[in-house]
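1. A structural model of the following input is requested.
(2 chains, ligands or ions: 1)
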Amino acid sequence: MTTDISAALGQMGVSEEQADLLHVAAQFCREEWPPERARAMIEEERGYDPDLWRRIADLGWLGIALPEAHGGAGLGIGEVVPVAEQMGRTLMATPFLASTLAAQLLLMAGSAAQQARWLPRLASGELVGTLALGEPGDEMRALGENEEGGFLVSGTARLIEHAAAADLILLSVGSGANRRLAVLETATLPAGVLRRETLIDDTRRAFELTLRGFELPGAAVLRKEAAGPAVAHAELAGALLYAADMVGGAFRVIDYTADYLRTRKQFGKLIGSYQALKHPLVDAFIGYERARSHLYAAAHSFGDQERGEVAVRMAKAQAETAYAYAADRAIQFHGGFGFTYDCDAGLHRRRALYDASRFGDARTHRKRIADMLF
Amino acid sequence: MTNTTSATKTESETPEPRDYAAEADAWFAENVPADPGFMLPLTFMEVGEDRQFEFLRAWQRKVYEAGYLGAAWPKDYGGRGLTEAHQKAATRAMRKHRGPILLNAIGLNWAGPLILDIGSEEQKRAYLKPILSAEHIWCQGFSEPEHGSDLGNAQLKAARDGDDYVLNGSKIWTTQGNYADYMILLARTDLAAENKYAGLSFFLSPMTVPGITTRKLKKLTGEYGFTQTFFEDARIGADCLIGGEGNGWKIAMRTLEYERGARGGQAGGYVSIPPDLMEIVDLARSASRDGAPALSDPVLKDRMVGYLMDMHALSLSSERKRIAPLVEDHPMALPLMGKLEFSELYRELSEFALTLLGPKAAYYVGEPNAADDGWWARSYLNAFSATIGGGTSQIQRNIIGEHVLGLPKTR
Ligand SMILES: Cc1cc2nc3c(=O)[nH]c(=O)nc-3n(C[C@H](O)[C@H](O)[C@H](O)COP(=O)(O)OP(=O)(O)OC[C@H]3O[C@@H](n4cnc5c(N)ncnc54)[C@H](O)[C@@H]3O)c2cc1C
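-> Predicted structure coming up:
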């Protein structure tokens, strides 16, 4: 008899709340964020529209996965997925993902007082949060812990999304058993510590933070023993939500390309009648549908121990594979226009690369799955 | 979280299928036959020897008589009048206990549902029960030597003569043609029709009338399993017509939807045994590559995870296709994709397994030194039956591109 691993694999299902959110988000994103808006926003330093942010907050989406006691809807990260997916379809860029994940860290590792202080304001959108969990090569060190548990921080953290506009940065300091999480209020930062990074995805904003002996008060440090599990949770949630963004993007770039193949003529024929274009686009579409099945299985299974982790890793890996292929072929299938900045295929290819790099790329996730199952 | 509507939950909310599932589990545990001492087919297209045929026919009859086939078909026509959920539970039990495949695939999965959906009362009463019991074996006469993918150009002639139609021409790649009692037949009734499709009609034709002969064709695997089928002035009754003259194309397309799993109503059970990924993982564990277990090679592991993900995506998609909110953009996408996906994936998987065998990849079925009795070589060669049969993978891509993505037609 061979090993049965079915108990470790994600299961399909959808909650009523997910279905409702999917419908509302699809319409909202389509109406609020036509391609011209996405492009116009590229030119703006802030990189998102505060008005749109307010509307998103008013819809309650910033509190979907927060407890009702803190102004949230009391649902899970799986319910954030349809919203993130629909945002991905329109290349919408806001601190939605960053702020959602920052709140998850607080929820997992914040003291009662810290949660009561910050979560309602994150849920309402009054505050924007982001997170700096540390990318490979980053080093944030804690020095000289005082009686209240505060310390001095030195080092660098990269790829902190929307750090300049954020009110709070959930900062990871140290590593391993010594890892600590702290709420860094950006208002208390000295000038010049944030540098905007040049990203492959022009619709996004991310910053490098460099601190030298910055003093973090004890009240800002989250429960030490909870830091490890909170980070693990946020990384898994991050992988799931970036997978959702990619699945959304893959849908859109395939649709966009199909449109071109239906209208552009060469040699007297619509180019979509050529199988050298038609068949790879179908393959891209199959990759997308696979990714979407993995995505919603991961959203459904997120809370289950091992099953949830495997499902999320599969979702992130397949979303990357599908989005990369779809957007890559999209550039080629638009010919010379595909090589211009005006063609949306490029925006998607760039976003696919950016999203792949966040919260583990496909190869990393597949390796982890192999270690877990084989 | 409240109000979960996952497929598994809905099933378990009806208690009765659960009892039925338990009964089925016990029955298959008890009744799956022992190894007959000769090779059993992995797919219904592989039935090449009389002893295989007789063995599988007896097995299907036994499953049917125990009540685990046609559970969701109406009682009046030989079914049990239960639900799809019941039949699924029985099929799961059959799979779990590794029952052999069911023989009468074309009857159970294509002709049967078609007759149920659009057949006359007489046709339903005459044909459905013997399909379930394997008393009548069915085959499919679509492809012709000169027209395969271009099925709409089929040329076999059915000329009306009084109360009969007279058939002349030839069909090919007729699976189980040499065993079949009946054929679903696409034939040309009107040579002057305004276009190639309009001249076609669909028949439930007996195979046992004078003038129909078959010639067995040897397959890629070295075995038999399909035939060329010749029609020389073969007379069949006009009541063999189904769906009315000139509607053959529409009915053929509908039949292909049953065949490709894009439309439901199949009797249940399974008619082929796919490769099992975990068996491949075990193979990689025991196979050695350059002095180390193949499984320790990260490149191989990465590929196996990829296959696992694709296999699992298929099973997730087969559940998702029934969850309306998750298929609203393109409701027909998943049903139309299934055949292409699983057939290509099984082909790739079996081929990959062969690359794990090292020197033993040199052996074929029948060689005592072969790994797993040559299972993987057989599985790989047989995989092409699904990437070619039922409409090739290229044709499937055309269909998805045109019908789902709205791309212009390829001529
Ligand atoms: C094991 C097996 C069992 C079968 N059983 C039956 C059966 O029981 N009854 C029955 O009627 N038929 C049966 N078939 C036949 C099967 O349906 C046909 O073989 C199939 O439809 C292809 O037709 P063809 O063989 O004429 O190939 P062709 O149509 O000649 O195709 C040759 C190649 O050209 C490609 N091609 C053709 N047209 C296009 C196009 N428009 N765009 C792109 N590529 C194209 C095909 O994909 C293929 O690769 C069976 C086939 C197999 C392999």
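
2. pick out the residue of the stretch 101-250 of chain A closest to the ligand.
-> residue A:250 (25.0 Å; Cβ to the nearest ligand atom). The C-beta positions use only the backbone N, C-alpha and C, and glycine is treated the same way.

3. just the pLDDT for that residue.
-> pLDDT for residue A:250: 98.

4. am I right that it sits in a helix?
-> Yes. Counting by DSSP: H, G, I helix; E, B strand; the rest coil, residue A:250 is part of a helix.

5. could you check how far it is from residue A:263?
-> Here residue A:250 is placed at a distance of 21 Å from residue A:263 (Cβ to Cβ, to the nearest Å).

6. and those two? which has more neighbours close in?
-> Neighbours were tallied for residue A:250 and for residue A:263 using other Cβ atoms under 10 Å in any protein chain shown; the higher tally belongs to residue A:250 (32 against 11).

7. pretty sure that one contacts residue A:321?
-> No. In this structure residue A:250 lies outside contact range of residue A:321 using Cβ atoms under 8 Å: 9.6 Å.

8. residues contacting the residue of the stretch 101-250 of chain A closest to the ligand?
-> A:284, A:287, A:288, A:291, A:319, A:322, A:323, A:326, A:327, A:352 (Cβ atoms under 8 Å, 6 or more residues apart in numbering or on different chains).

9. those strands in the stretch 101-250 of chain B, which residues are they?
-> Taking DSSP state E, counting those that start in this stretch, the strands of the stretch 101-250 of chain B run over residues B:138-141, B:157-161, B:164-175, B:182-188, B:200-206, B:212-217, B:226-237, B:241-242.

10. what of chain A?
-> Using DSSP state E, the strands of chain A run over A:129-132, A:139-143, A:151-161, A:168-173, A:180-185, A:194-196, A:206-216, A:265-266, A:269-270.

11. for stretch B:284-298, buried residues please.
-> Buried residues in stretch B:284-298, counted by 16 or more other Cβ atoms under 10 Å in any protein chain shown: B:284, B:287, B:294, B:295, B:297.

12. taking these, tell me the two that lie furthest apart.
-> B:287 and B:297 (10.0 Å; Cβ to Cβ).

13. count of neighbours near whichever residue of the stretch 251-374 of chain A sits closest to the ligand?
-> Nearest to the ligand, among the residues of the stretch 251-374 of chain A, is residue A:275, at 5.8 Å (Cβ to the nearest ligand atom). Other residues near residue A:275 number 16, with proximity taken as other Cβ under 10 Å.

14. ranges for the helices of the stretch 301-411 of chain B?
-> B:333-354, B:375-388, B:393-399 (DSSP state H, counting those that start in this stretch).

15. thinking again about what came up before, in terms of mean pLDDT, which of the strands of chain A ranks lowest?
-> strand A:139-143 has the lowest average pLDDT among the strands of chain A, namely a mean of 92.

16. return the set of buried residues in it.
-> In strand A:139-143, counting by 16+ other Cβ under 10 Å, buried: A:140, A:142.

17. for that strand, name the packing helices and strands.
-> With contacts taken as 3 or more Cβ pairs under 8 Å, 6 or more residues apart in numbering or on different chains; DSSP states H and E, strand A:139-143 sits against strand A:151-161, strand A:168-173.

18. what's the angle from the last one to strand A:139-143?
-> This means strand A:168-173. In terms of direction (axes from the mean of the first three to the mean of the last three Cα atoms, to 10 degrees), strand A:168-173 departs from strand A:139-143 by 80 degrees.

19. for strand A:168-173, packing partners?
-> Secondary-structure packing of strand A:168-173 (3+ Cβ pairs under 8 Å, 6+ apart): helix A:96-109, strand A:129-132, strand A:139-143, strand A:151-161, strand A:180-185, strand A:206-216.

20. and the ones you listed as CSV, adding distance to residue B:89?
-> Shown next, in CSV, are the helices and strands packed on strand A:168-173 (distance: least, Cβ to Cβ, whole Å):
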stretch, distance to residue B:89
helix A:96-109, 39
strand A:129-132, 46
strand A:139-143, 55
strand A:151-161, 48
strand A:180-185, 48
strand A:206-216, 51
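
21. what's the closest of the ones you listed to residue B:144?
-> Closest approach to residue B:144 among the helices and strands packed on strand A:168-173 (Cβ to Cβ): helix A:96-109, 56.6 Å.

22. for the residue of chain B found nearest the ligand, give its distance to chain A.
-> Residue nearest to the ligand within chain B (Cβ to the nearest ligand atom): residue B:148, separated by 1.7 Å. In this view, residue B:148 and chain A are 17 Å apart by Cβ to the nearest Cβ, to the nearest Å.
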